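Student: A structural model of the following input is requested.
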Amino acid sequence: MNDMGLLDRLDDDASDADEATSIETAPAKEVKKSEAKKPSRRGRRAKAKEEAPVDDAEEDEAPRRRSRGRRERQPREKKERVVRKIGEDREVAGIAAFSFRRIVDFIVNYGWAIPILGLSLLGTNSDFTWFIIGGLALMLLNNIFLPYQFGRTLGNFTTRTMFIRHTGQPPMFMFFLMKTFYFPFLLLGLFGIQLALEYSKETNIAVLVICIVSLLIFLADTIISRVRKDDRMGLWETAFLGVWLTKHISTGESSGWLKRLESSGDFFEQRGWGVDGEGDEETDES
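Tutor: Coordinates of the predicted model:
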């Protein structure tokens, strides 16, 4: 009986041990299955890298490298250089017309001022107000109205000439106005030299600067005219990108007072004033 009791106890202990081992192994298996089903993040990334082709990776890195580097500059389009010269249908005026036009324009612009300056130097107390107003009106007519309306001055009408740019059109009226100021620039420059020689604390600096600048403009115009003597271009012809004095042929369609201005060329031509001879162009070219 005792032996039977011991055997029963051993069997019970063995069965309890089997149940305990079965309980312990069961969750371990389930955990292993769950781990097999749910891979870790590192595993996913590793698989993704292995599955991704090498070409795709290179294509993704290429734009990044390009964006990091400097952007490629597109080559600039070269602008065509504009050839500034008069057209073949135009002929440059000769030296006689060039010189006579300057004389006529000078008389029209400043002829009225010469007697006023002379009388003022003599010490007369006459009132020249209306005379000065009339002279300034004539200057504005010759250098603003006529160039704006017809592209010519009285000197151009009498010598049958016309200022032309490389575009075939006359320059704006500012060209004629600035070209006329060479005489005032000279007077202001001489006055500036006198102020500089007699400089003192009472000297107006602003007036002195204006006079010196006027003198520099006059000198620049003179020097450029000497350098570009063959082209007959001075400071303002160069500043306006090329202006030439060319011969002008009247169309005969003008009427009224404009026709009278055109006919003034016939009057001077009959007397041989401002008319280019056959030898003028040859001597001028040489």
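
Student: in the helix or strand harbouring W130, which residues are buried?
Tutor: Counting by DSSP states H and E, the secondary-structure element that holds W130 is helix 129-140. Buried residues in helix 129-140, defined by neighbour count with 16 or more other Cβ atoms under 10 Å: G135, L138, M139. All C-beta spots, glycine's among them, are computed from the backbone N, C-alpha and C.

Student: find the residue closest to the last one in space, skipping its chain neighbours.
Tutor: Using Cβ to Cβ, 6 or more residues apart in numbering and skipping residues adjacent in sequence, the residue nearest M139 is N109, 5.0 Å away.

Student: what domains does the record give for the protein?
Tutor: Listed domain ranges for the chain are 87-171+243-273, 181-239 (source: automatic domain parsing).

Student: distance to R76 and mean pLDDT added to those domains, as CSV?
Tutor: Listed next are the domains of the chain as CSV, based on distance: least, Cβ to Cβ, whole Å; pLDDT from 0 to 100:
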stretch, distance to R76, mean pLDDT
domain 87-171+243-273, 25, 84
domain 181-239, 28, 90
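
Student: which element is L119 on?
Tutor: Taking DSSP H and E as the criterion, L119 maps to helix 113-121.

Student: on that earlier part again, can you name the element that comes right after the helix holding W130?
Tutor: Reading on from helix 129-140 to the C-terminus, the next helix or strand found by DSSP H and E is helix 146-150.

Student: format the CA atom coordinates belonging to that next one as CSV.
Tutor: Only the C-alpha atoms of helix 146-150 are listed here, as CSV (Å, rounded to 0.1, in the frame of the first residue of the first chain):
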residue,chain,number,x,y,z
LEU,A,146,12.1,125.7,-86.3
PRO,A,147,14.2,122.6,-85.3
TYR,A,148,11.2,121.1,-83.6
GLN,A,149,8.9,121.8,-86.6
PHE,A,150,11.2,121.2,-89.5
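
Student: helices and strands around that helix, which ones?
Tutor: Applying 3 or more Cβ pairs under 8 Å, 6 or more residues apart in numbering; DSSP states H and E, we find helix 146-150 packed against helix 173-180.

Student: buried set for the helix it packs on?
Tutor: Neighbour-count burial for helix 173-180, with 16+ other Cβ under 10 Å as criterion, is recorded at F173, F175, F176, L177, M178, K179, T180.

Student: what about the closest residue to G168 other than its chain neighbours, how many neighbours?
Tutor: In space, not counting the residues next to it along the chain, G168 is nearest to G87; the distance is 5.7 Å by Cβ to Cβ, 6+ apart. The local packing count at G87 equals 10, with neighbours defined by other Cβ atoms under 10 Å.

Student: before we move on, which element is G87 in?
Tutor: Mapping G87 onto the secondary structure by DSSP H and E places it in no helix or strand at all.

Student: that one against Q169, yeah?
Tutor: No: using Cβ atoms under 8 Å, G87 is not in contact with Q169; the gap is 10.9 Å.

Student: what's the helix or strand for the residue lying closest to M178 once chain neighbours are set aside?
Tutor: For M178, the nearest residue in space outside its immediate sequence neighbours is W236; the separation is 5.2 Å by Cβ to Cβ, 6+ apart. Assigned by DSSP H and E, W236 belongs to helix 235-239.

Student: show me what the very next helix or strand once past that helix is packed against.
Tutor: Moving toward the C-terminus from helix 235-239, the next helix or strand (DSSP H and E) is strand 243-247. Helices and strands in packing contact with strand 243-247 are listed as helix 95-110, strand 161-165, helix 235-239; criterion 3+ Cβ pairs under 8 Å, 6+ apart.
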